[in-house]
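Asks: sharing a sequence plus its predicted fold:
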Amino acid sequence: MRLIFLGTPEFAVPILERLLQDGHEVVAVYTRPEAAAGRGQRLTQSPVKRLAVERGLRVAQPTSLRPPQEVERLAQLQPEAIVLAAYGLLLPQAVLDVPPLGCLNVHPSLLPRHRGPSPVAAAILAGDEVTGVSIMLMDSGLDTGPVLAQRQLSIRDEDTTGSLTMRLAGLGAGLLSEVLPRWQRGELATQPQDEAKATYSQLIAKEAGEMDWHLPAPQLWRQVRAFQPWPGSYTWWRGRRLKILEAIPLPGGGGEVGRVVALGAGQPPAGVVTGEGVLGLRRVQLEGKRPLEIAEFLRGQRSFLGSQLPQPR
């Protein structure tokens with residue numbers, strides 16, 4: 001099938017790879033313009049652009065697809081369908097109308113649950129036991145189009161947004177591989193979404209990662225996983241940012257909320273008293289230092305035990 005692919009982050013890479021593996025003619029790859037990243041704020045190519053350049057594919061990086069000239073450039077490529085996976089820009093109706101087989105979006109949730117920009121993190125934060133991918137025929141709404149196919153995936157206790165995203169990417173690539181030829185042959189019917197069951201995820205702000213120790217330990221544990229790798233979960237100790245990289249919720253508690261306490265055998269050696277239970281600390285990173293298992297961190301920072309961690313500023 002003659003396709004245009006739109007995508008930007010790592011989630012989209014396995015999906016583009018599978019399209020190429022399946023022999024589809026990808027006539028162009030649209031991805032977001034280079035963004036500054038890292039301490040040096042150097043312009044960095046998106047993961048999708050790196051793959052596209054490696055495979056010798058045509059790359060386009062408009063800042064918007066709304067200008068008529070951008071729509072015309074895209075239309076001149078004469079795609080049968082457009083495939084989108086975490087592109088990062090809204091498609092105007094003029095673009096949606098270009099391909100005769102429509103625009104298909106690979107969305108990492110079981111729509112209509114967790115529409116919007118952060119569905120993987122939202123599923124972890126909500127404590128969902130199951131998530132999945134949806135292949136959706138796009139319309140002018142935000143993830144509101146009819147669904148062509150879905151596939152479920154269990155969320156593991158150790159899953160972070162990073163690990164779950166890549167598991168969903170592989171699942172989505174496989175499902176899309178099955179859907180495209182059937183859609184081309186007219187073998188699939190669309191299923192409208194149930195608006196009464198719709199939920200929406202939100203963009204996650206960098207400041208959202210600060211730990212509020214008055215929350216229950218299970219909720220903080222989900223936050224640590226949902227905000228890994230970005231924006232990260234953190235607190236403050238001796239005026240420096242302390243990242244909480246891995247943790248586990250534990251029963252019990254008592255004592256002042258935010259107090260770092262020693263834990264017993266079979267548990268992490270340190271935890272923090274929360275509004276409900278204790279958050280056992282497994283791996284942390286003090287600002288300017290490398291990540292450490294909590295036992296190693298305590299050997300270098302003995303005064304950490306017994307200290308009082310602050311509430312959000």
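Replies: In hand now; what should we look at? Residues are numbered from 1 along each chain as shown.
Asks: just want the most central residue of the protein.
Replies: V120 (4.8 Å; CA atoms, centre = their mean).
Asks: looks to me like that residue is in a helix.
Replies: Yes: applying DSSP: H, G, I helix; E, B strand; the rest coil, one finds V120 inside a helix.
Asks: next one: it from L153, what distance?
Replies: Distance from V120 to L153, counting by CB to CB, to the nearest Å: 11 Å. C-beta coordinates here come from the backbone N, C-alpha and C atoms, glycine included.
Asks: overlap of the contact sets of the two?
Replies: By CB atoms under 8 Å, 6 or more residues apart in numbering, V120 and L153 have these common neighbours: 131, 164, 168.
Asks: ramachandran angles for the first one?
Replies: Torsion angles at T131 (phi, psi; degrees, to the nearest 10) stand at phi -130, psi -150.
Asks: what about the residue lying closest to it once chain neighbours are set aside, neighbour count?
Replies: Spatially, and ignoring its direct neighbours in sequence, T131 is nearest to A123 (4.3 Å; CB to CB, 6 or more residues apart in numbering). Residues near A123, counting by other CB atoms under 10 Å, number 29.
Asks: kindly report the same for P9.
Replies: By other CB under 10 Å, 17 other residues sit near P9.
Asks: quick check: chain neighbours aside, which residue is closest to it?
Replies: Of all residues not flanking P9 in the chain, A86 sits nearest, at 5.3 Å (CB to CB, 6+ apart).
Asks: ok, now which ones touch the residue nearest to the centre of the chain?
Replies: V120 sits next to 108-109, 131, 161, 164-165, 168 when contact means CB under 8 Å, 6+ apart.
Asks: cool, and A121?
Replies: 161, 201, 204, 226-227.
Asks: biggest helix in this structure by residues?
Replies: Within the chain, and with DSSP state H defining each element, the longest helix by residue count is helix 161-184.
Asks: looking at it, L65 is touching Q93, isn't it?
Replies: No: using CB atoms under 8 Å, L65 makes no contact with Q93, being 10.8 Å away.
Asks: okay then, goodbye and thanks.
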